[in-house]
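Peer 1: Please find the sequence and the predicted model below.
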Protein chains: 2
Amino acid sequence: MFQAINNYVSRSIQLTADELEYFNGILEYKTVPKKTMLLQAGDVCNFELYVNKGCIREYYIDSKGMEITLQFAVEDWWMSDITSFQDQTPSNMYIETLEDCELLILSRSVKEKLLLQVPKFERMFRLMIQRHLSVVQNRLVKTISYTAMEKYLEFIKRYPTIPQRVPQHYIASYLGISPEFLSKLRTRLLKK
Amino acid sequence: MFQAINNYVSRSIQLTADELEYFNGILEYKTVPKKTMLLQAGDVCNFELYVNKGCIREYYIDSKGMEITLQFAVEDWWMSDITSFQDQTPSNMYIETLEDCELLILSRSVKEKLLLQVPKFERMFRLMIQRHLSVVQNRLVKTISYTAMEKYLEFIKRYPTIPQRVPQHYIASYLGISPEFLSKLRTRLLKK
DNA sequence: CGCGACGTTGATTTGCCTCAACGATTGTGG
DNA sequence: CCACAATCGTTGAGGCAAATCAACGTCGCG
């Protein structure tokens, strides 16, 4: 149950057996069915969650009522709404499961205690966020400078398993294009 | 000379006098004239820099030869190309001064030593990156869902001093729109 | 079986880009 | 200190990528 996450942690920091046991003890294990809302816009996001099994997405509804998918997360990914989490402000995001999931949940208050008890985790979370920032920045650049076709090709290349697991219109909303146009791009690709 | 940066640090962590002195001792103070290149694409980014005075920008040249400004930094901001910094890979970014600048430079090797000597800094850098991630994510959402006009209005509202300091076409490249179109947006605003 | 969610296709529209020409301002070398 | 070049912003004409709107087919599921 903790094998994957412990492996994740060990890539950044070395823990003693005691520390590892403590860490696993504070995680809340939860199985949730498909299409469960884990966070609603308006609520404060009080958790970070690690996907042990399954697939979830985080999205946002803009002023025109359009959904924009910010992130998918599958096995071995973390998810949270950091803005809400760190400032303790109401979130603009929705987080929902797309499949039946096994999650490990780290609540904000528990995380704070963890950081006091085992300061090594400061480093792990720093490295984790640093990598995440790098990914988001990369995506920002491509959102600005790529055409819709280029964005789609990049997406299926980088995340080849996602299209098999999530409805196509969610991918369109991740890429920032309309579902109709994504469909047209795909037929254009098939004709070659 | 270190007043501003020390104040910056103190917002995240508490240091002893010794620790503070050590920290200031490892920073490299540098004044650089306007239009100096601090990082070239192809080089590895081995530093994080803190702007004590002046204004700089980080940009990227895409496959069509267009410049995309990723970030401006003025007084009390940090800048780096994290992707290159953390992976030690050649950067795709250019960093250049837009005004005469006073900079405090933290090199990668020195930062590593700092983190070993004063682990508290793990926390400061974690919080710093966390805030930055929040900003970049916010920008990503708006890049996708806002019209050019909305992006521009948001920009001048959030960063009211920047337009007075940097050429307009750099702002266009930050917003991901053409300089001509930004100009047209501005005349549209004036006519109201 | 029938409904809702999903993907496709076509017609039309639009936001923004590209290209080109032109003032205004800045800066630089003679 | 002037002359000329660069740099920068503006304006207009025309074009294109992607959005919108609408209709339709298909599949999975209650």
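Peer 2: Alright, I've got the coordinates. The structure presented is a predicted model; accordingly, all values stated were derived computationally and were not measured.

Peer 1: Okay, angle between the longest helix seen in chain A and helix B:120-145 too, please.
Peer 2: If you go by DSSP state H, chain A has its longest helix at helix A:120-145. Put simply, helix A:120-145 runs at 20 degrees to helix B:120-145, going by axes from the mean of the first three to the mean of the last three C-alpha atoms, to 10 degrees.

Peer 1: Buried residues, helix A:120-145. List them.
Peer 2: A:120-130, A:132-134, A:136-137, A:139-141, A:143-145 (16 or more other C-beta atoms under 10 Å in any protein chain shown). From N, CA and C alone the C-beta is placed, and that goes for glycine too.

Peer 1: near chain B at all, that helix?
Peer 2: Yes: interface with chain B: helix A:120-145 contributes A:122-123, A:125-126, A:129-134, A:136-141, A:143-145 (C-beta under 8 Å from any C-beta of the partner chain).

Peer 1: for the record, mean pLDDT for that helix?
Peer 2: The average pLDDT within helix A:120-145 is 95.

Peer 1: which bits of chain A sit near DNA strand D?
Peer 2: Residues of chain A lying near DNA strand D by C-beta under 7 Å from any atom of the strand: A:Lys64, A:Met66, A:Thr147, A:Ala148, A:Met149, A:Gly176, A:Ile177, A:Ser178, A:Glu180, A:Phe181.

Peer 1: List just the nearest of these to chain B.
Peer 2: The closest of these to chain B turns out to be A:Gly176 (C-beta to the nearest C-beta; 3.9 Å).

Peer 1: show me the contacts for the nearest residue to the closest one once chain neighbours are set aside.
Peer 2: Closest residue in space to A:Gly176, ignoring its immediate chain neighbours: B:Ile144 at 3.9 Å, by C-beta to C-beta, 6 or more residues apart in numbering or on different chains. Each residue near B:Ile144 by C-beta atoms under 8 Å, 6 or more residues apart in numbering or on different chains is listed here: A:Ile68, A:Thr143, A:Gly176.

Peer 1: what's the pLDDT at the last one?
Peer 2: Okay, so that is A:Gly176. Reported pLDDT for A:Gly176: 96.

Peer 1: Phi and psi next, for it.
Peer 2: Main-chain torsions, A:Gly176, degrees, to the nearest 10: phi 80, psi 30.

Peer 1: what sits against it?
Peer 2: Applying C-beta under 8 Å, 6+ apart, the residues near A:Gly176 are A:Ile68, A:Thr143, A:Lys151, B:Thr143, B:Ile144, B:Ser145.

Peer 1: Let me know the secondary structure of A:Lys111.
Peer 2: helix (DSSP: H, G, I helix; E, B strand; the rest coil).

Peer 1: burial measure for the residue nearest to it when sequence neighbours are not counted, as a count.
Peer 2: Nearest residue to A:Lys111, sequence neighbours excluded (C-beta to C-beta, 6+ apart): A:Glu48, at 6.9 Å. By other C-beta atoms under 10 Å in any protein chain shown, the residues close to A:Glu48 number 20.

Peer 1: What of the one 10 residues further on?
Peer 2: As a burial measure, A:Glu58 scores 21 neighbours (other C-beta under 10 Å).

Peer 1: what's the answer for A:Thr83, then?
Peer 2: A:Thr83 has 19 nearby residues by other C-beta under 10 Å.

Peer 1: what's the answer for A:Leu15, then?
Peer 2: A:Leu15 is flanked by 17 other residues according to other C-beta under 10 Å.

Peer 1: Okay then, goodbye and thanks.
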